[in-house]
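Trainee: I'd like to go over a predicted model; first the sequence, then the structure.
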Amino acid sequence: MAESRALTTMRRLRNIGIIAHIDAGKTTVTERILYYTGLTHKLGEVHDGESVMDWMPQERERGITITAAATTCEWKQHQITIIDTPGHVDFTIEVERSLRVLDGAVTIFAAVEGVQPQSESVWRQADRYHVPRLAFINKMDRVGSDYQRVLQDMRDKLDAQPVLLQIPIGTEEHFRGIIDLIALQSMVWNADDLGMVPEIGPIPAELEEEAQAQREVLIEAIADCDDTLLERYLAGESLTVDELRAAVRQVTLAGTRVPVLLGSGLRNKGIQPLLDAVLWYLPSPLDVPALMGMDPRTETSVERHPSPQEPLTALAFKIAQDQGRRLTYLRLYAGSLEPGTLVYNSRTKTQERVARLLRMHANKRERLDRSTAGEIVAVTGLKDAVTGDTLCEVANPIRLEAITSPIPVLTLAIEPPTMAEQEKLQSALEKLAAEDPTLQVAYNEEMGQTMLSGMGELHLEVVVRRLFDEFNAQVRVGKPQVIYRETILGQADVVDTFAREIAGKAQYASVRLAVRPNAQGTGLSFANSLPATEELPPEMVEAVHQGILDAASSGVVQGYPVVDVHIALCGATLRQDEGTPLAFRIVGGQAFRRALEAAQPVLLEPVMHLEVVTPEEFTGSIIGGLQSRHGLIEHIEMRGRLQVIAALVPLAATFGYTTDLRSASQGRGTFTMHFAQYAPVRA
């Protein structure tokens, strides 16, 4: 009986993310959801700096989301946990780790702009984690809105198969409501009551023909994925509303179709049908396949099902500082959790006790007595857990796949005004780095400076601002510097020998290394290709490998880390009394550096995909400006009444572009950019 109640509760859970490009309206839509579900009693506006989900001072000042905020609300006897994610590329880790633990997502597209660069990025991230999605075309009230073009964008840019569940009543500033193509009814929102109670009625006569035609398109799209449904449809049988909704749910969970809804978050239209769609079409924890992990004791596969009766399995996906306390956000996949529970960290192989169990509402908290499988909660008391750690039972350990972080592309030097401030600065940076896996901190002893590496100018600017505001750490800040890399274009085969007396003992090692380029983004790889006649003990092979890694931290062109190189150990000479791990480590590094020098080493720089949206009359001057920054124009297209210019531009050439674009477009142009690739520096 208890198990049946637990399953019923889990069927009524939804863990969803709100994902999109910056300014598509994610936070505005989330604020409406909180208002209509009764969690808040006032509409928080992003442009007024009063939104619930954007609670950080930096978020309210800039009008953008910086950190993913979680909250939980109720709609029609279902519990919905929502994570509102950032749309700016500098904070992509927030999207990455949120999608890792969510069961479904609502992707928001602006009706005028359509599928924008960061929309593509978050869509690919969701693809990687097989997250079922709904699409919500927002800002249908804007001049130039065109939902059909957005649907085509989804097909062309995302390789998605959208199925339209609604058509609009009215266009642009006359947008008043929608027609539900499944229930064949209209919903119109009245501005006087802030959209609280939509007026439901029959389809207007002038839209009847279009609604029937679009309903046929919808049925054909979902029947294509269900043979039984297709047979009934071809036989002329009518399908009930419940049957159609069940079919849409099936194709959504399978990822073969994406249901599309319409609305305007700012004008309070279309939110209630979106909430209904979340319940009808997105998965509960029970709809998600069983979780696979590894038993750290035996390195064999372990399976966990979403049930309170299974052994505790939770993933720490976010660390945050709240009122001086360290909060660890967890997704519970199996088992249950209570305050005082002793949990085992399969990475550190240590146990820690959960002090408090909390349900978060952005930066506010609600204490819980118990949490079970399927829920997203926060806990206090865990000092060693970091993003990506698995928490479980010591008797039933499991290690889940870790969360990958993108590599930083920009670095910044900071230093305290006095040595007395150094300790405070170090403590603050440790806390910020624990929160943010894309923030890397290193100390340069030669310069006496702390180096911060991050995802972009805005990312590092926010980190420095938080040092001032939250930790009262006074620092002097240098100019941002691009993080370069080195690689090779050719191949080389070298032999190197190390022979020296160290501490009165002769040390000797000789190796032959072959290097060749690796595929971009694959990093360094090492292979033991020694012939049988030249076998080395494993500890000597490992010493060679370690020597290579040491040398790879500083390349031969300008001393930047080496990436994307395959190294094969093809030969070695071991003298019985003189061969030591130290000798092989040294010769491994020497040989690797010689091989790099012989294999056409090159300097790599980060290249950004930059998209400029501008009125047509400024296109020529903007293209000229991009080309003067060594930009490569990819394509130019019309988007409504605006011109869209896509280009690849070296990151080093983008500094100060905001000012130049304002000047070139009389303040009417905007741009967004995200990391595209590392490429050889052009002369």
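Mentor: On my side now, so go ahead.
Trainee: and the host helix or strand of A551, what's its mean pLDDT?
Mentor: Using DSSP states H and E, A551 maps to helix 538-552. Taken as a whole, helix 538-552 has a mean pLDDT of 94.
Trainee: Next: stretch 424-438.
Mentor: Mean predicted confidence for stretch 424-438 is 87.
Trainee: Export it to CSV, keeping only CA atoms.
Mentor: What follows is stretch 424-438 as a C-alpha-only set of coordinates in CSV (Å, rounded to 0.1, in the frame of the first residue of the first chain):
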residue,chain,number,x,y,z
LYS,A,424,40.4,36.8,2.7
LEU,A,425,40.6,36.7,-1.1
GLN,A,426,41.8,33.1,-1.2
SER,A,427,38.9,32.0,1.0
ALA,A,428,36.4,33.8,-1.1
LEU,A,429,37.8,32.4,-4.4
GLU,A,430,37.7,28.8,-2.9
LYS,A,431,34.0,29.3,-2.3
LEU,A,432,33.2,30.7,-5.7
ALA,A,433,35.3,28.0,-7.5
ALA,A,434,33.3,25.3,-5.5
GLU,A,435,30.1,26.9,-6.8
ASP,A,436,31.3,27.2,-10.4
PRO,A,437,33.2,24.4,-12.2
THR,A,438,34.0,26.8,-15.1
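Trainee: so what's L165 closest to, chain neighbours aside?
Mentor: Counting by C-beta to C-beta, 6 or more residues apart in numbering, P259 is the residue found nearest to L165 once chain neighbours are left out, at 5.2 Å. C-betas here are computed from N, CA, C, even on glycine.
Trainee: ok, residues contacting the helix or strand following the helix holding A551?
Mentor: Downstream of helix 538-552, the next assigned helix or strand under DSSP H and E is strand 565-573. Strand 565-573 has contacts (C-beta atoms under 8 Å, 6 or more residues apart in numbering) with 487-488, 493, 495, 497, 509-518, 524-531, 534, 536, 540-541, 544-545, 548, 552, 584, 592, 595-596.
Trainee: Repeat the analysis, applying 6 Å as the threshold.
Mentor: Applying C-beta atoms under 6 Å, 6 or more residues apart in numbering, the set of residues contacting strand 565-573 from outside is 488, 510-516, 518, 524-530, 534, 536, 544, 548.
Trainee: ok, now how distant is the residue nearest to L181 when sequence neighbours are not counted from P204?
Mentor: Distance criterion C-beta to C-beta, 6+ apart; nearest residue to L181, sequence neighbours excluded, is R215 at 4.6 Å. Separation of R215 from P204 (C-beta to C-beta, to the nearest Å) stands at 15 Å.
Trainee: Looking at these two, which one has more neighbours?
Mentor: The neighbour comparison of R215 against P204 (other C-beta atoms under 10 Å) goes to R215, with 19 against 14.
Trainee: For the more buried one, give its distance to L165.
Mentor: Distance from R215 to L165, by C-beta to C-beta: 10 Å.
Trainee: Now for the two: what residues contact both?
Mentor: By C-beta under 6 Å, 6+ apart, the residues touching both R215 and L165 are L181.
Trainee: ok, now how distant is the residue of the chain positioned farthest from its centre from G579?
Mentor: Here the centre of the chain is the reference, and by C-alpha atoms, centre = their mean the most remote residue is G504, at 54.8 Å. Distance, G504 to G579, using C-beta to C-beta: 17 Å.
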